[in-house]
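> Task: produce atomic coordinates for the following.
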Amino acid sequence: MLDKLKKRRTQYALGKKLPVSEAQVDGLVREAIRLSPSSFNSQSSRAVILFGKESDKFWNIAREALRAIVPAADFEGTSKKIDSFASGAGTVLFYEDQEPVQTLQTNFPLYAHNFPIWSEHSTGMAQLAVWTALADAGIGASLQHYHPLVDAEAAKAWNIPASWKLTAQMPFGSNEAGFAEKTFIDDEVRFRTHA
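This is a model prediction of the structure:
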């Protein structure tokens, strides 16, 4: 498992040539999310998997949402960043369904305040699982957060249920550049072990 995690890196230089079929990528994403843990086995994580023109449509939604708030003098750089995400083969939109979260809050009132937090944990684990699975298949990806700016238009475009809350977007594609060496902070800062 650790060797797979070592492959997971942020890739901004994405291309459209996947090393496996779209059907295989779809299967990887589904299985990674299916196998991800969730509080009380709520299985609250959801995903919309976009390829090709559908992925481009999402990044155009993001571009137009940003055009409305980014100063005109700064928009060219913003648009180029969006272009880098759209240059990939696809995008995974990660959601958390609030219905199972609310059901757990009702059924377990003692823990009610924790279930939204635990839902965020679930989506984070699903995102890591998908990212790791993609990296292991030789597919580059990054994790982006353009919500809530894009929520309403994405919901309209893909008929997203009202109970689904957008949590992240993961553009993916071929690795069109290498990776710099990954650096780490000192273990003494990060860890404490007591026996």
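> Can you check what pLDDT the model gives the residue lying closest to N114 once chain neighbours are set aside?
With sequence-adjacent residues excluded and distances taken as C-beta to C-beta, 6 or more residues apart in numbering, N114 is closest to S39, at 7.8 Å. Using the backbone N, CA and C atoms, a C-beta is placed for each residue, glycine as well. Looking at S39, its pLDDT stands at 94.
> hang on, isn't S122 packed against S42?
Yes: assessed by C-beta atoms under 8 Å, S122 is found in contact with S42 at 7.1 Å.
> if you count what's nearby, which of these two comes out ahead?
Between S122 and S42, counted using other C-beta atoms under 10 Å, the more crowded position is S122 (23 against 19).
> Can you give me every residue that contacts that one?
S36, P37, S38, S39, S42, S44, S45, E96 (C-beta atoms under 8 Å, 6 or more residues apart in numbering).
> Among these, name the buried ones.
With burial judged by 16 or more other C-beta atoms under 10 Å, the buried subset of those is S36, S38, S39, S42, S44, S45, E96.
> Show me the helices in the protein, by range?
2-7, 22-34, 52-67, 75-86, 98-107, 115-136, 151-158, 187-190 (DSSP state H).
> Just send these back as a markdown table, with distance to F172 and mean pLDDT too.
Shown next, in a markdown table, are the helices of the chain (distance: least, C-beta to C-beta, whole Å; pLDDT from 0 to 100):
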| stretch | distance to F172 | mean pLDDT |
| --- | --- | --- |
| helix 2-7 | 13 | 93 |
| helix 22-34 | 7 | 98 |
| helix 52-67 | 9 | 98 |
| helix 75-86 | 10 | 97 |
| helix 98-107 | 26 | 98 |
| helix 115-136 | 6 | 98 |
| helix 151-158 | 17 | 98 |
| helix 187-190 | 29 | 96 |
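> among these, which is the most enclosed?
Comparing the helices of the chain by mean neighbour count (mean count of other C-beta atoms under 10 Å), helix 115-136 ranks first with a mean of 20.
> Surely I69 and L149 touch.
Yes: with contact defined as C-beta under 8 Å, I69 reaches L149; the gap is 7.4 Å.
> which one of the buried ones among the contacts of S122 is nearest D186?
Nearest to D186 among the buried ones among the contacts of S122: S36, at 30.3 Å, using C-beta to C-beta.
> quick one on the thing from earlier: between I69 and L149, which has more neighbouring residues?
Ranked by neighbour count (other C-beta under 10 Å), I69 and L149 place L149 first, with 17 against 9.
> What distance do you get for F184 to L5?
Note on F184: its distance to L5, by C-beta to C-beta, to the nearest Å, is 13 Å.
> Then K80?
For K80, the distance to L5 - C-beta to C-beta - is 30 Å.
> now swap in G27 and tell me
From G27 over to L5 the distance is 21 Å, taken as C-beta to C-beta.
> need the contacts of S122 in CSV with distance to H113, can you?
CSV is the format used below for the contacts of S122 (distance: C-beta to C-beta, whole Å):
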residue, distance to H113
S36, 23
P37, 20
S38, 17
S39, 13
S42, 15
S44, 16
S45, 20
E96, 16
